[in-house]
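A.B. asks: Need a 3D model of the following:
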Amino acid sequence: GVQFLFVKEPGKVVTVEKAPATLHLVPRVGSTKSEPISIEIPCDGVVEAELQFCNAYEEGNKVIFDAIRADGSHKSKSTSGQWPWVSSRDDYVQMASKKSLWRYEVDLETKTVTKERLTNAQCYFGGVQPSQSTLKHDHIFMAIGGLGDEIAPPQGIARFNCSSRSMDSWMPSSHEFCGEPMFATKENPSSPDDGYIISVVFNGKSEESELIVLDATAISAGPVCRIPLGLGIPHGLYGCFTTSEEATWSFDEIQRRAKLLDKMESRGNLWNEVKSDFSGLGLRFDDMEEYFGDSFLS
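C.D. replies: Okay, the predicted model is just below:
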């Protein structure tokens, strides 16, 4: 507790026991299921503390969810917090976790959980097309490492078939690294998979990024479009795709929000001194209205 007051980084002061985890199922508002359910996940030696959920759905008396599971038991080093975090692949292997795709089946009658690995390929950023969210999904889109089952940073894009357990993938040049794959549905799609995968590729030589677009049904064919961005986007940055008009901000609105972010980052070392009026970060409600516009107080 005292160490946390000085370090301010939970990852450096919190330890996780090798013990069974607890899965909590909480009914949605309006559901006929009235009470939350807590079920123990058996421990197989790997801590279930870092699951990246891809999707979940009900099938009979079971809840099934797929997740990318991290196994950090081999790690011999921790990140320094200074950029760059690593300078070689050996450093990366010692600091990164082994990640693989798993399926969990929750039996609501017996209150038990079983799990199986779907693929041992090093993978990241798993997700499904939005139309299949909370429904039984056919495929999972994810970023994959360039060395198969071995630990490696996210580099390629893959489409995993949940029925055949096969994978259609594309890998860029050795100095290029893809980020999170985002599914964009086509207008009037002919099938749930009829759409595009959008991702950002970081070029390690030029240190600049491109926006790439792939056909979601033919990942191995590679990008159908590549758009240079003229700047470097941090590798591993999360994102999403939406057609909502609420997310189509004007250039002026983006500028206002960027100014507010810069101001908050410049005062980031005082994060624990925030007051109710934000003055601890050097911000006032007037700042919020200036940067966000009239919508902030409406």
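
A.B. asks: In stretch 206-223, which residues are buried?
C.D. replies: Residues of stretch 206-223 classed as buried: Ser209, Glu210, Ile212, Leu214, Asp215, Ala216, Thr217, Ile219, Pro223 (neighbour count, 16 or more other CB atoms under 10 Å). In short, each C-beta sits where N, CA and C put it, glycine included.

A.B. asks: Return the member of these nearest to Thr242.
C.D. replies: Thr242 lies nearest to Ala216 out of the buried residues of stretch 206-223, by CB to CB, at 16.4 Å.

A.B. asks: OK, contacts around the closest one?
C.D. replies: Residues near Ala216 by CB atoms under 8 Å, 6 or more residues apart in numbering: Gln129, Phe141, Arg159, Phe183, Asp193, Asp194, Gly195, Tyr196, Ile197.

A.B. asks: which residues of the chain score low on pLDDT?
C.D. replies: Residues of the chain meeting the criterion pLDDT under 70: 1-14, 76-84, 246, 267-298.

A.B. asks: List the contacts of the closest residue in space to Ser34 that isn't next to it in sequence.
C.D. replies: Spatial nearest neighbour of Ser34, chain neighbours left out: Pro27 (6.6 Å); criterion: CB to CB, 6 or more residues apart in numbering. If a contact means CB under 8 Å, 6+ apart, then Pro27 has Lys33, Ser34, Glu35, Pro36 as its contacts.

A.B. asks: Over to Ala218?
C.D. replies: Taking CB under 8 Å, 6+ apart as the criterion, Ala218 is in contact with Asp168.

A.B. asks: From Met142, how far out is it?
C.D. replies: Distance, Ala218 to Met142, using CB to CB, to the nearest Å: 16 Å.

A.B. asks: Repeat that for Gly30.
C.D. replies: Counting by CB to CB - Gly30 and Met142 are separated by 32 Å.

A.B. asks: for Leu51, same thing?
C.D. replies: 14 Å.

A.B. asks: Which strand residues bridge the residue nearest to Glu176 when sequence neighbours are not counted?
C.D. replies: In space, and not counting its chain neighbours, Glu176 is closest to Val201: 5.1 Å by CB to CB, 6+ apart. Beta-bridge pairing for Val201 (DSSP bridges): Cys178, Glu210.

A.B. asks: Can you get me the start-to-end distance on stretch 41-49?
C.D. replies: Its first and final residues considered, stretch 41-49 spans 11 Å by CA to CA, to the nearest Å.

A.B. asks: Can you give me the buried ones in that stretch?
C.D. replies: Those would be Ile41, Val46, Val47, Glu48, for stretch 41-49 by 16+ other CB under 10 Å.

A.B. asks: swap in stretch 173-190?
C.D. replies: Within stretch 173-190, the residues that count as buried by 16+ other CB under 10 Å are Glu176, Phe177, Cys178, Gly179, Glu180, Pro181, Met182, Phe183, Ala184, Thr185.

A.B. asks: Adding distance to Thr112, write these out as JSON lines.
C.D. replies: Shown next, in JSON lines, are those (distance: CB to CB, whole Å):
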{"residue": "Glu176", "distance to Thr112": "44"}
{"residue": "Phe177", "distance to Thr112": "40"}
{"residue": "Cys178", "distance to Thr112": "37"}
{"residue": "Gly179", "distance to Thr112": "37"}
{"residue": "Glu180", "distance to Thr112": "33"}
{"residue": "Pro181", "distance to Thr112": "33"}
{"residue": "Met182", "distance to Thr112": "35"}
{"residue": "Phe183", "distance to Thr112": "33"}
{"residue": "Ala184", "distance to Thr112": "38"}
{"residue": "Thr185", "distance to Thr112": "36"}
